[in-house]
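[1] Pasting a predicted model and its sequence here:
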Amino acid sequence: MSTRGAWSSKLGFILAGAGSAIGLGAIWRFPYYTGDNGGAIFVFVFLIFCFFIGYPVMIAELTLGRFTQKNPVGMFNRLSGGKKLWKGIGGLCVVNGFTIFSWYSVIAGFIIGYLYKTASGAFNTQLTNEAVDSIFSTFTSNAVNVVGLHFLIVFCTGFVVYRGVKGGIEMLSKWLMPVLFFLLVVLAIRSVTLEGAGEGLRFYMYPDFSKVSGIMVLKAMGQALFSLSLGMGTMITYGSYLSKKENVPASAAWITFFEILVCILAGFVILPAVAAMGQSYAQGPDLIFKVLPSIFAAIPGGYFFGVGFFILVVIAALTSTVSILEVPVAYFVDERKWSRRKSVLFVASIAWLIGTPAALAFGASDFLTNLPGIEWSFFDIMSTVFGEASLSVGAFFIAIFTAYIWGIRKAITDIESEGNKFPIGKIWGFLLKYIAPFTIIIVFIYTVWSIFAG
Ligand code: TRP
């Protein structure tokens, strides 16, 4: 244990888990997915996925990790008795760690850029929509900016991961998450009281059932897995630093609860303001960068709120990137017996290389921004393939593995060791055996089919 590190306390673990979950997924992606996919109905489907798939899979991941005290590859290897297929699924988790880390850090770099802009007073006065758009596109078409900031995030994450699980991750989460939460509440209050916000509130709160579509359901599922950090072994790896004394279902419930809360709040910050400013909801990944500046300009002391907010979002993003990078690093340390230093250097360098074209896909390179033949940017491809599709695959196999290979009974025995109670153990087993894997596979196949069927 001593070389692998461990969480120092129950609260420390919940905060680290919540730190992993809470990040750009909630603050940047959730509002723009909601905007792109029809508003309240998307939120509704997202919540269903969080409760019926996300929460059970989170319990499964934490338990698998805690039981074996291993990274995903080591865990699958051991519990499957060395089966190739399962080791391959562990390998998919590790690959996902590289790829998600690489594109996620691009957006985290944008946040630093916006922190700098806010601090230098760029958003002190109310700007027109055109001005806000042009600030964003000037910023992202500058290759040195975007690549440099991406590097900065990769470097800082590498540094925290190098220092080890306990010293680095827990500390960051402990003090800053509550402050972030407070700022979100203040900004949400300002946003919903802006003139013209009502239409945005309606969009966000009254489900329009005519907007139900296969793609929307897939996006909601991807978002639920992504924002709860599931499907690529983050929670397996974090579980491996967890002691037997802890109550896994209770900790997972807290993490899920905090994450959902932050998602919902972020929606209340962004969507009413979109309506108030007469912008369009469906702006894709650019959305928060075009909306937040106007909220800061409209709030008394907006300068300080703006600076504070971006600082906290950078930190929230870092506690997430750390949990992503930790997966491949734990693999090289445990399975390949590399030093922590070498592992971090290796993974971070590759992720920086893969992330560079993603960073250039917001205007700096025309080719990467509009890939010929498809209407997608290189970034969109990375974030959809590795931030959604591969997570569904991962979560599917993790559910199947827990339910049918390792076995619900063994999992429950482990969860209930040292006197912990798991009153909903039966329901959990049912969800994991029947609901989670089959829902994932149906949604997944339906979408692939609908893409190819046009
Ligand atoms: N959940 C984080 C966020 O919402 C991102 C993240 C961290 C993640 N670890 C993960 C996403 C593992 C998928 C898998 O910002």
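    It's in. As the structure is a computational prediction, the values presented were derived from the model and not from experiment. Numbering: from 1, shown residues only.

[2] Give me every residue in this structure lying close to the ligand.
    20-21, 23-26, 100, 226-227, 229, 231-232, 234, 320, 323-324, 391 (CB under 6 Å from any ligand atom). For the C-beta atoms, the positions are set from N, CA and C on the backbone; glycine is no exception.

[3] Now do stretch 66-76: everything it contacts.
    Stretch 66-76 is contacted from outside by 1, 4, 64-65, 77-79, 83, 86-87, 89-91, 93-94, 232-233, 236-237, 239-240, 242-244, 246, 248, 327, 330-331, 333-335, 401, 411, 414, using CB atoms under 8 Å, 6 or more residues apart in numbering.

[4] Ok, stretch 256-269 next?
    Taking CB under 8 Å, 6+ apart as the rule, stretch 256-269 contacts 18, 21-22, 25-27, 30-31, 34, 43, 46-47, 50-51, 54-55, 58, 177, 180-181, 184-185, 187-188, 191-192, 204, 227-228, 292, 295.

[5] Okay, now the unreliable bits of the stretch 301-450 of the chain?
    Scanning the stretch 301-450 of the chain for pLDDT under 70 picks out no residues.

[6] now do the stretch 1-150 of the chain
    In the stretch 1-150 of the chain (pLDDT under 70), the answer is 1-5.

[7] Which parts of it are helices?
    For the stretch 1-150 of the chain, the helices defined by DSSP state H, counting those that start in this stretch occupy 10-21, 24, 30-36, 40-49, 55-68, 72-79, 84-119, 129-140, 143-163.

[8] Nearest approach to Val344 belongs to which of those?
    helix 143-163 (4.7 Å; CB to CB).

[9] hey, which of the helices of the stretch 1-150 of the chain is tucked in deepest?
    Highest mean neighbour count of the helices of the stretch 1-150 of the chain: helix 55-68, a mean of 26 (counted as mean count of other CB atoms under 10 Å).

[10] Render the CA-only coordinates of that helix in CSV, please.
    Only the C-alpha atoms of helix 55-68 are listed here, as CSV (Å, rounded to 0.1, in the frame of the first residue of the first chain):
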residue,chain,number,x,y,z
TYR,A,55,-24.6,5.6,-10.0
PRO,A,56,-24.6,1.8,-10.3
VAL,A,57,-21.5,1.8,-12.6
MET,A,58,-19.7,4.1,-10.2
ILE,A,59,-20.3,1.7,-7.3
ALA,A,60,-19.0,-1.1,-9.6
GLU,A,61,-15.9,0.8,-10.6
LEU,A,62,-15.0,1.8,-7.0
THR,A,63,-15.5,-1.7,-5.7
LEU,A,64,-13.5,-3.4,-8.4
GLY,A,65,-10.7,-1.0,-7.8
ARG,A,66,-10.8,-1.3,-4.0
PHE,A,67,-11.0,-5.0,-4.1
THR,A,68,-8.0,-5.5,-6.3
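
[11] okay, the angle between it and helix 40-49?
    If you take axes from the mean of the first three to the mean of the last three CA atoms, to 10 degrees, helix 55-68 sits at 40 degrees to helix 40-49.

[12] Count residues in the vicinity of Leu176, would you?
    Applying other CB atoms under 10 Å, we find 19 residues neighbouring Leu176.

[13] Residues contacting whichever strand or helix holds it, please?
    Leu176 belongs to helix 171-192 when assigned by DSSP states H and E. Residues outside helix 171-192 that contact it (CB under 8 Å, 6+ apart) are 11-12, 15-16, 18-19, 22, 160, 197, 201, 258, 261-262, 265-266, 268-270, 272-273, 276, 295, 298-299, 305, 308-309, 312-313, 315-316, 318-319, 322.

[14] Which ones among those map onto helices?
    Under the assignment DSSP state H, those contribute 11-12, 15-16, 18-19, 160, 201, 258, 261-262, 265-266, 268-270, 272-273, 276, 295, 305, 308-309, 312-313, 315-316, 318-319, 322 to helices.

[15] Spatially, what comes nearest to whichever residue of the stretch 251-400 of the chain sits closest to the ligand if we skip its sequence neighbours?
    Taking CB to the nearest ligand atom, the ligand has its nearest neighbour within the stretch 251-400 of the chain at Ser320, 4.1 Å off. Of all residues not flanking Ser320 in the chain, Gly23 sits nearest, at 3.2 Å (CB to CB, 6 or more residues apart in numbering).

[16] again with Phe226
    Computed as CB to CB, 6+ apart, the closest residue to Phe226 that is not its neighbour in sequence is Gly25, at 5.1 Å.

[17] ok, now Ala348?
    Gly158 (4.0 Å).

[18] List the contacts of the one you found.
    325, 344-345, 347-348.

[19] Please tell me how far it sits from Phe346.
    With distances taken as CB to CB, to the nearest Å, Gly158 is found 10 Å from Phe346.
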